[in-house]
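Student: Requesting a structural model of the entry that follows:
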Amino acid sequence: MHELSIAQNIVELATEAATRANAERVMAVKLLVGRLAGIEPGALLFSYEIAAQGTILEGSRLEIVHVPLVVWCAHCLKEVELDSVQRLRCPTCGTPCGEIRRGRELDIESLEIEP
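Tutor: Presented below is the predicted three-dimensional model:
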């Protein structure tokens, strides 16, 4: 379960950022998770609770924002969202699309802190 090591990393990074902001407590962490990130949200939420114990993040919420898979279609000259990761083809024209623009994210977007 790699979600535990990811949760530990999130807690470490959020703790560092909160400490720099002189926060007493972190209330929430907003995390962007792309469709191709390979994360199982339930396992990450469970792991986050464990990793946050004994830190200023204990009791905080991990808010997961799902980022869709978006590719560039060179034929249509636009970004298109794909419903499936199984077929990297433009849903409009059917052209294969190899340039992934969004969907790999695993980023802390923001922290809600208590000063």
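Student: Contacts for the strand or helix carrying S47, please.
Tutor: Using DSSP states H and E, S47 falls within helix 41-52. With C-beta atoms under 8 Å, 6 or more residues apart in numbering as the contact definition, helix 41-52 has outside contacts at 1, 3-4, 6-8, 10-11, 29, 33, 58-60, 62, 64, 66. Every C-beta, even on glycine, is put in place using the N, C-alpha and C of the backbone.
Student: Kindly report the same for stretch 86-103.
Tutor: Residues contacting stretch 86-103 (C-beta under 8 Å, 6+ apart): 34-37, 67-76, 79-80, 82-83, 85.
Student: Could you list the buried residues of the helix holding S47?
Tutor: 44, 46-48, 51-52 (16 or more other C-beta atoms under 10 Å).
Student: ok, so of those, who is nearest P115?
Tutor: For the buried residues of helix 41-52, the residue nearest P115 by C-beta to C-beta is A52; the value is 19.1 Å.
Student: Give me the pLDDT value at that closest one.
Tutor: We have a pLDDT of 98 for A52.
Student: ranges for the helices of this structure?
Tutor: Listed in chain order, the helices found in the chain under DSSP state H are 3-20, 41-52.
Student: For these, give me a markdown table that also has distance to I113.
Tutor: Conversion of those to a markdown table gives the following (distance: least, C-beta to C-beta, whole Å):
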| stretch | distance to I113 |
| --- | --- |
| helix 3-20 | 5 |
| helix 41-52 | 14 |
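Student: and L111, which of those helices is closest to it?
Tutor: helix 3-20 (5.8 Å).
Student: Buried members of the contacts of helix 41-52 into ChimeraX, please.
Tutor: Burial among the contacts of helix 41-52 is assessed by 16+ other C-beta under 10 Å; the matching ChimeraX selection reads:
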select :3,6,7,10,11,29,33,60,62,64
